[in-house]
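Undergrad: sequence-free structure coming up:
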């Protein structure tokens, strides 16, 4: 019987005062309503004890919470056995004031016996343990708990506590199947017993390669998928390099990846709709691999079930990560044993999932399979999940130049293109470009009178993503003329969109030597004003999402030196395959057309022009100046819109956008214009588009269809 829900109470204590309150009456004063699974901070926010921690700098005023012990309690009826799937981080459980269990570690379940009758169950969640924020020393870490909550570049200090996974009375026994597939036969075993055997089973395939066939295991209530995933050496890889080419069911897979962080900093609060929405956006982007970053979570069963259904392979890292000072994991025997103990709980619970492709020891560690904790984790994986791929850490190589991380910033209007066109990595598993958040997210996050200036002199912006605030570069890239937050937001998002798109395209052009890309980062755990994420915290795509989507969907690409050609004697680009390239002026006239390589003198081009591939399948906006300043001076154009229902319920529509003006409409972006707190999401099948004069585009719209805000560099509606 589930014991989840709102039938819990919460109260906090300094020191050992909690010992005086273990068996207080249920109606004693001072107790607050609580929810399980959940988070202490979320309970306090809902009770009004802390101000909205997702706005302004309010999270600073909630840092005291982690210093206290919290009793989370409810009334229960026995007899039975209570199972806790996860408490974060250390807890002592009392029944009617008597200690029944003590536990440490948020990823290992534990159980408590309950006698017959009515009882008061009290779980003391002790003060959060010490650990290292992002700028610290990895060698001082002694716990297996998300590092990001101790203060990270995309998350303020917001240390999680609470009963974060379900609590159940008389839960059925756990079964941890082991899935085998060889010689055309699929077998599911548990504790030496064959639970399912299938000859020539229908296979499970990653997203975009085939169907995700799942098979129910009789009597167990779980599903499995039969597939093979091998890592083989990359074509032309140097001697000694690890293999990074994914071969699924015998077919090499170009990685369309992204890096994944927890859905929310308060990861104990169940958000099933948001989780499904985020993973659905990944699937719609043709993503076939997510790297679950080692500063976050061992992801939840719900996450893995959805990845199984959507065909998204998972690279799961154990919770270890780099630090700003040094990145050597501790070799302390107690720490190593702690991780081994937790790994023995974690690995069997994940191994049945066809989506699980790879275990990693952690993020950006200075170590390898000879490092004590990494060697110990590898041995657990090989013992309990034999055949699954393992890497000690990411990145790898003599100078971290095989599997590569970085850079995470736009490199400049010329250097950015040169940088990505000269990479030699076998896998680019972490890199990014920063930008501001979306319009309504910014309005929800920052008070109007605090939104400008949007640079680091503004204390609010310093708190909400200071690492990624590149307003000085954005100003420089647009001629120093940005004077309001709306223009800054649009300009920074444009640079993120164009920069991330080009970075992904450049690496994909090197397939099969480079096995693919995994931008940093897909989602956002905490709402920032500036961030490298492709989605805002609410789950709405930023323009950068669509740049990567365009690449992952196979749009033709071009290689060129810059997007701002001032001072250059010739505009020149090299084009993929048989794609037809055109250089198109502001008024829609074609200056040049070619396959393979295209060129024209800047004097024949308007201040702002397009490099168009295959009639709009991919377009690059360029200027003949040495900055993008001409985008601020474009003549206005007019758009016309028509919408029609495409299904009887009216939940899906086709929006037709036509440019009825005399000049090209550049960078048209569609956004949900409903209030921020309205439920649901608008789903589009395309975005960030350019329309020549007289040209139109049809865009599919699904989900919570309401008002849309539509704007571009020279059009708005």
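TA: Structure's in. What do you need? Predicted model only: the values in this text are computed from it and were never measured.
Undergrad: CA atoms for contacts and neighbours, from now on please.
TA: Will do.
Undergrad: Which residue ranges of the stretch 151-300 of the chain form strands?
TA: Ranges of strands within the stretch 151-300 of the chain are 162-163, 167-169, 178-182, 185-190, 193-199, 215-217, 222-224, 229-232, 245-248, 251-253, 255-260, 289-292, based on DSSP state E, counting those that start in this stretch.
Undergrad: and the helix or strand just after the last one, which residues are buried?
TA: By that I understand strand 289-292. Note on strand 289-292: by DSSP states H and E, the next helix or strand toward the C-terminus is helix 301-310. Buried residues in helix 301-310, counting neighbours by 16 or more other C-alpha atoms under 10 Å, are found at 303, 304, 305, 306, 307, 308, 309, 310.
Undergrad: ok, now stretch 118-127?
TA: Going by neighbour count (16+ other C-alpha under 10 Å), the buried part of stretch 118-127 is 119, 120, 121, 122, 123, 124, 125, 126, 127.
Undergrad: And stretch 422-437, by the same measure?
TA: Of the residues in stretch 422-437, 423-437 count as buried by neighbour count, 16+ other C-alpha under 10 Å.
Undergrad: same question, stretch 699-716
TA: 699, 700, 701, 702, 704, 705, 711, 712, 713, 714, 715, 716.
Undergrad: how long is it from one end to the other?
TA: 17 Å (C-alpha to C-alpha, to the nearest Å).
Undergrad: try stretch 89-107
TA: Distance across stretch 89-107, first residue to last, is 9 Å (C-alpha to C-alpha).
Undergrad: Can you tell me the number of residues neighbouring the closest residue to residue 101 other than its chain neighbours?
TA: Leaving aside its sequence neighbours, residue 101 sits nearest to residue 93 (C-alpha to C-alpha, 6 or more residues apart in numbering; 5.1 Å). Applying other C-alpha atoms under 10 Å, we find 23 other residues in the vicinity of residue 93.
Undergrad: Does residue 93 touch residue 110 like I think?
TA: No. Between residue 93 and residue 110 there is no contact under C-alpha atoms under 8 Å: 10.5 Å.
Undergrad: any shared contact partners between the two?
TA: Common contact partners of residue 93 and residue 110 (C-alpha atoms under 8 Å, 6 or more residues apart in numbering): none.
Undergrad: what's near enough to touch the nearest residue to residue 307 once chain neighbours are set aside?
TA: Nearest non-adjacent residue to residue 307, counting by C-alpha to C-alpha, 6+ apart: residue 355, 5.9 Å away. Going by C-alpha under 8 Å, 6+ apart, residue 355 touches 206, 304, 307, 308, 311, 312, 313, 314.
Undergrad: And for residue 236?
TA: Going by C-alpha under 8 Å, 6+ apart, residue 236 touches residue 513.
Undergrad: likewise residue 233?
TA: Contact analysis of residue 233 by C-alpha under 8 Å, 6+ apart lists 241, 242, 243, 244, 245.
Undergrad: for the last one, which residues make a bridge with it?
TA: Residues in a beta bridge with residue 245, per DSSP bridges, are residue 232.
Undergrad: in terms of contact, does it touch residue 232 like I think?
TA: Yes. With contact defined as C-alpha under 8 Å, residue 245 and residue 232 form a contacting pair (5.2 Å).
Undergrad: So these two - more neighbours on which side?
TA: Each of residue 245 and residue 232 has its neighbours counted (other C-alpha under 10 Å); residue 245 has more, 24 against 13.
Undergrad: For this protein, which helix extends over the most residues?
TA: Assignment by DSSP state H gives helix 485-508 as the longest helix of the chain.
Undergrad: Between the two ends of stretch 504-517, how far is it?
TA: End-to-end span of stretch 504-517 (C-alpha to C-alpha): 6 Å.
Undergrad: Equivalent analysis for stretch 296-306, please.
TA: Across stretch 296-306, the terminal residues are separated by 18 Å (C-alpha to C-alpha).
Undergrad: mean confidence for it?
TA: Averaged over stretch 296-306, pLDDT sits at 98.
Undergrad: Quick one: distance of that stretch to the chain centre.
TA: Chain-centre distance of stretch 296-306: 12 Å, with C-alpha atoms, centre = their mean, to the nearest Å.
Undergrad: what does it rub up against?
TA: 107, 145-148, 261-262, 272, 275-276, 279, 292, 316-319, 350, 353, 355-356.
Undergrad: So which of the residues you listed sit within helices?
TA: Using DSSP H, the members of the contacts of stretch 296-306 that fall in helices are 272, 275, 276, 279, 350.
Undergrad: Could I have the buried ones of those as PyMOL selection syntax?
TA: Per 16+ other C-alpha under 10 Å, the buried members of the ones in helices among the contacts of stretch 296-306 correspond to this PyMOL selection:
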select buried, resi 275+279+350
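Undergrad: State the pLDDT value of residue 642.
TA: 89.
Undergrad: Then residue 705?
TA: Each residue has a pLDDT score; the one for residue 705 is 80.
Undergrad: does it count as helix, strand or coil?
TA: Here residue 705 is recorded as coil under DSSP: H, G, I helix; E, B strand; the rest coil.
Undergrad: Grab the nearest non-local neighbour of it.
TA: Nearest to residue 705 is residue 682, by C-alpha to C-alpha, 6+ apart, at 5.8 Å.
Undergrad: That neighbour - how many residues pack around it?
TA: 20.
Undergrad: Could you verify my assumption that it touches residue 672?
TA: Yes. Counting by C-alpha under 8 Å, residue 682 touches residue 672, with 6.3 Å between them.
Undergrad: what distance separates the start and the end of stretch 285-295?
TA: 24 Å.
Undergrad: List of residues touching it?
TA: With contacts defined as C-alpha under 8 Å, 6+ apart, stretch 285-295 is touched by 146-148, 206-208, 255-261, 298-299, 311-321, 361-363, 518, 548-549, 552-553.
Undergrad: After the longest helix of the chain, which helix or strand is next? Please name it.
TA: strand 516-517.
Undergrad: helices and strands around that next one, which ones?
TA: Packing contacts for strand 516-517, counted by 3 or more C-alpha pairs under 8 Å, 6 or more residues apart in numbering; DSSP states H and E, involve strand 255-260, strand 427-430, helix 485-508.
Undergrad: Is it correct that residue 144 is in contact with residue 339?
TA: Yes. Residue 144 is within contact range of residue 339, at 6.7 Å (criterion: C-alpha under 8 Å).
Undergrad: Walk me through the domains of this protein.
TA: Domains of the chain are assigned by automatic domain parsing as 5-169, 178-253+288-394, 555-630, 639-711.
Undergrad: Nearest approach to residue 470 belongs to which of those?
TA: Of all the domains of the chain, domain 5-169 sits nearest to residue 470, with 13.6 Å by C-alpha to C-alpha.
Undergrad: got a list of what the spatially closest residue to residue 230 that is not a sequence neighbour touches?
TA: Beyond its immediate neighbours in the sequence, the residue positioned closest to residue 230 (C-alpha to C-alpha, 6+ apart) is residue 247, lying 5.1 Å away. Counting by C-alpha under 8 Å, 6+ apart, residue 247 makes contact with 228, 229, 230, 231, 232, 253.
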